[in-house]
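Asker: Give me coordinates for this.
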Amino acid sequence: MRGAEDRVITGRRVVPSGGAAPMAPVGARPAEAEARVRRQRRQRRQAGMFALMIAALVLALGFLALLLGFVAARGIGVISWEFITEMPRNAMTEGGILPAILGTFYLVVGAMVMATPLGVGSAIFLTEYARQGPLVRAIRIGVNNLAGVPSVVFGLFGLAVFVKMFGFGVSILSGALTLGIVVLPTIIRASEEAILAVPVSYREASLALGATKWQTVRYAVLPSAMPGILTGCILGVGRVAGETAPIMFTAATFFTARLPESIFEEVQALPYHIYALVTEGTHPEAQVPIAFGTALVLLALVLGVDLAAIILRSRYEKTR
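Answerer: Next up is the predicted model:
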């Protein structure tokens, strides 16, 4: 008889000749342990980054809540129907802010009417028609740099060009054109990113069906990019409504007892009204609360416009 079971040695594995289960490879357990350690390390790193992002979100929301609470606590006392619908009286220590609300509305609408077609059209040309090369890259760099120019520089430009050179004077038209230039880079960049995000297959399918280049852009690209374009316009509205320096030189007046009757008249505006009450007011004990109330109205208007635009974007996406 054979006293011991024959064994066949193959590489690192020892295989019994009687058909018994093979033994685990030498070094398998250390490799599994090392893989487990690496996996646990990645999980801890991921959990740490997730906690950091949550902390950043909470911090940002905390600052936003602090800002809103600070303004609301000091301005809610003056908010009333009369404050919103009446004209200012008695050196802006009484009455309401109706001219400033309407003036801000006129300036925002005028700026967006001017900037939106130019911004979207420029984005379409840069992404769909222009030959990509050094010139287009230089234009994009210029647009990005233009977005970082201080707003007071735009105000001086508007004063020199629209108020003086074109002879529009300090008026709604001058202010709207200046604000349109301020927000133009934001709309161009947002529209570009939205158009570039449209899959190339959409364009190829449209062209394969015999559509022209413009028909492809009009019926295939723009509908898909519209939510991103609307996002850029939303950001533009928020910036235009809160700008003070550009309209200080081109459109705003410290006080007016009547509403404007044409686009060639100067107006009050909410951001400049706040600035004037705080820095140039002669009755700070009465005017500072009005300034906080005006700031609260401005925040409510901007948030309301943003909410309406978000709802419009959501409905547009559902109907696509």
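Asker: residue ranges for the helices of the stretch 1-150 of the chain, please.
Answerer: Per DSSP state H, counting those that start in this stretch, the stretch 1-150 of the chain carries helices over the ranges 28-75, 81-85, 98-124, 134-147.
Asker: Now the longest one: average pLDDT?
Answerer: The predicted model assigns helix 28-75 a mean pLDDT of 87.
Asker: Show the secondary-structure elements that that helix is packed against.
Answerer: Packed against helix 28-75 by the contact rule (3 or more Cβ pairs under 8 Å, 6 or more residues apart in numbering; DSSP states H and E) you find helix 284-319. C-beta: built from backbone N, CA, C; applies to glycine.
Asker: still on that earlier bit, and the helices of the stretch 1-150 of the chain as JSON lines, adding mean neighbour count and distance to residue 213?
Answerer: Output for the helices of the stretch 1-150 of the chain, formatted as JSON lines (neighbours: other Cβ atoms under 10 Å; distance: least, Cβ to Cβ, whole Å):
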{"stretch": "helix 28-75", "mean neighbour count": "11", "distance to residue 213": "42"}
{"stretch": "helix 81-85", "mean neighbour count": "13", "distance to residue 213": "49"}
{"stretch": "helix 98-124", "mean neighbour count": "21", "distance to residue 213": "11"}
{"stretch": "helix 134-147", "mean neighbour count": "12", "distance to residue 213": "17"}
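Asker: Kindly state which of those is positioned closest to residue 153.
Answerer: Evaluated with Cβ to Cβ, those place helix 134-147 nearest to residue 153, the distance being 10.0 Å.
Asker: Output the contacting helices and strands for the closest one.
Answerer: With contacts taken as 3+ Cβ pairs under 8 Å, 6+ apart, helix 134-147 sits against helix 172-196.
Asker: Can you point out the buried residues in the helix it packs on?
Answerer: By 16 or more other Cβ atoms under 10 Å, the buried positions in helix 172-196 come out as 172-195.
Asker: List the buried residues for the helix or strand following that helix?
Answerer: Where DSSP states H and E defines the elements, the next helix or strand beyond helix 172-196 is helix 200-208. For helix 200-208, the neighbour count (16+ other Cβ under 10 Å) marks 202-203, 206 as buried.
Asker: Report all helices and strands that helix 200-208 contacts.
Answerer: Packed against helix 200-208, as judged by 3+ Cβ pairs under 8 Å, 6+ apart, are the following elements: helix 213-216.
Asker: could you dump the following helix or strand past the helix it packs on to CSV, C-alpha only?
Answerer: Per DSSP H and E, the first helix or strand lying C-terminal to helix 213-216 is helix 222-242. What follows is helix 222-242, C-alpha atoms only, in CSV (Å, rounded to 0.1, in the frame of the first residue of the first chain):
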residue,chain,number,x,y,z
LEU,A,222,-31.2,76.2,-29.4
PRO,A,223,-34.2,74.3,-27.9
SER,A,224,-31.8,71.9,-26.2
ALA,A,225,-29.6,74.8,-25.0
MET,A,226,-32.4,77.0,-23.9
PRO,A,227,-32.4,76.0,-20.1
GLY,A,228,-28.7,77.0,-19.9
ILE,A,229,-29.3,80.2,-21.7
LEU,A,230,-32.2,81.1,-19.3
THR,A,231,-29.8,80.4,-16.4
GLY,A,232,-27.4,83.0,-17.8
CYS,A,233,-30.2,85.5,-18.2
ILE,A,234,-31.3,84.9,-14.6
LEU,A,235,-27.8,85.6,-13.4
GLY,A,236,-27.8,88.7,-15.6
VAL,A,237,-31.1,90.0,-14.1
GLY,A,238,-29.7,89.7,-10.6
ARG,A,239,-26.5,91.6,-11.4
VAL,A,240,-28.3,94.4,-13.4
ALA,A,241,-30.8,95.0,-10.6
GLY,A,242,-28.2,95.5,-8.0
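Asker: what angle sits between helix 222-242 and helix 200-208?
Answerer: Per axes from the mean of the first three to the mean of the last three Cα atoms, to 10 degrees, the angle that helix 222-242 makes with helix 200-208 is 120 degrees.
Asker: Run through who's touching the next helix or strand after helix 222-242.
Answerer: Using DSSP H and E, the helix or strand that follows helix 222-242 in sequence is helix 245-250. For helix 245-250, contacts defined as Cβ atoms under 8 Å, 6 or more residues apart in numbering pick out 107, 150-152, 154-156, 158-159, 162-163, 170-171, 174-175, 178-179, 182, 269, 271-272, 275.
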